[in-house]
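[1] A predicted structure for the sequence below; I have some questions about it.
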Amino acid sequence: TQLLEQSPQFLSIQEGENLTVYCNSSSVFSSLQWYRQEPGEGPVLLVTVVTGGEVKKLKRLTFQFGDARKDSSLHITAAQPGDTGLYLCAGFRGDSGGGADGLTFGKGTHLIIQP
Amino acid sequence: DVKVTQSSRYLVKRTGEKVFLECVQDMDHENMFWYRQDPGLGLRLIYFSYDVKMKEKGDIPEGYSVSREKKERFSLILESASTNQTSMYLCASSLWHGSGYQPQHFGDGTRLSIL
């Protein structure tokens, strides 16, 4: 099983600060997804990155896929209390050819933004 | 809007019971997945299915089985429940695509307690 290591595991910061969450692996992934999960709900997809070096922006969130497609980062600018949640990265190996393999998930980063 | 519905939000069962967790999706997705989510361990794939009556083992299939008799329904079965199967169970579905990196749509989870 390929592993995705997320860091930090827990992060509590004040509203308005910036932060970066990391997702690292020794293995190559054909694509990587970021999900956010709120208490009592299932994860919801934020973004998919496919190309090495790709950068995608979603309002104040910036996602980057490493050049070698082994790592990714999520940067949040001017964090707000509504950003609070569990952030999960998930890698897709893409070697099945059929798109049916389950994703390999990192253990997640618990993010708390304090007002 | 896409919808993945899990039959129960909370379930309490006794050791040795046969337990059924049901999941229904209304998006005509080919792929369906069962994960369990535990603190410190993240999401781990139990089983997935890419077509009716087809199933594939994930990373932790021991003690579980699945059934997919209809495209929209994917059931997880605990043959003889044990206390170490107390967990949050998440069902997901995705569209089949040759490139594989379709987003997974999750239900809100079933919190199962085995006494």
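    Happy to help now that I have it.
[2] C-alpha coordinates for stretch A:59-71, PDB please?
    This file holds the C-alpha atoms of stretch A:59-71, laid out as PDB (Å, rounded to 0.1, in the frame of the first residue of the first chain):
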ATOM      1  CA  LYS A  59     -10.600  31.500  -3.900                       C
ATOM      2  CA  ARG A  60      -8.200  31.800  -1.000                       C
ATOM      3  CA  LEU A  61      -7.000  28.200  -1.400                       C
ATOM      4  CA  THR A  62      -4.000  27.400  -3.600                       C
ATOM      5  CA  PHE A  63      -3.100  23.800  -4.500                       C
ATOM      6  CA  GLN A  64       0.100  22.600  -6.000                       C
ATOM      7  CA  PHE A  65       1.200  19.200  -7.400                       C
ATOM      8  CA  GLY A  66       4.900  18.500  -7.200                       C
ATOM      9  CA  ASP A  67       6.900  18.300 -10.300                       C
ATOM     10  CA  ALA A  68       7.600  14.600  -9.700                       C
ATOM     11  CA  ARG A  69       3.900  13.900  -8.800                       C
ATOM     12  CA  LYS A  70       4.900  12.600  -5.400                       C
ATOM     13  CA  ASP A  71       3.800  15.500  -3.200                       C
END
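[3] can you list contacts of it?
    Stretch A:59-71 has contacts (Cβ atoms under 8 Å, 6 or more residues apart in numbering or on different chains) with A:22-30, A:32, A:34, A:46-47, A:49-57, A:72-80, A:83. All C-beta atoms are positioned from the backbone trio N, CA, C, and that covers glycine.
[4] Return only those of the residues you listed found close to chain B.
    Here is what survives when the contacts of stretch A:59-71 are matched to chain B using Cβ under 8 Å from any Cβ of the partner chain: A:Ser30, A:Val50.
[5] Would you write a ChimeraX line that selects the buried entries of the contacts of stretch A:59-71?
    Typed into ChimeraX, the next command selects the buried ones out of the contacts of stretch A:59-71 (criterion: 16 or more other Cβ atoms under 10 Å in any protein chain shown):
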select /A:22,23,24,25,29,32,34,46,47,49,50,54,72,73,74,75,76,79,83
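[6] Keep only those of the contacts of stretch A:59-71 that are in strands.
    Of the positions in the contacts of stretch A:59-71, A:22-24, A:32, A:34, A:46-47, A:49, A:55-57, A:72-76 sit in strands, assigned by DSSP state E.
[7] Just name the closest of those to A:Ser12, please.
    Closest approach between these and A:Ser12, by Cβ to Cβ: A:Ile76, at 13.3 Å.
[8] helix, strand or coil for B:Gln102?
    Look at B:Gln102: counting by DSSP: H, G, I helix; E, B strand; the rest coil, its state is coil.
[9] Please apply the same query to B:Val52.
    B:Val52 ends up coil, using three-state DSSP.
[10] follow-up on the earlier one: what two of the ones in strands among the contacts of stretch A:59-71 are the furthest from one another?
    Among these, A:Asn24 and A:Lys57 lie farthest apart (Cβ to Cβ), at 21.3 Å.
[11] residue contacts, the residue of chain A found nearest chain B?
    Closest residue of chain A to chain B, Cβ to the nearest Cβ: A:Gly42 (3.0 Å). Shown in contact with A:Gly42 (Cβ under 8 Å, 6+ apart): B:Val4, B:Leu90, B:Ala92, B:Phe106, B:Gly107, B:Asp108, B:Gly109.
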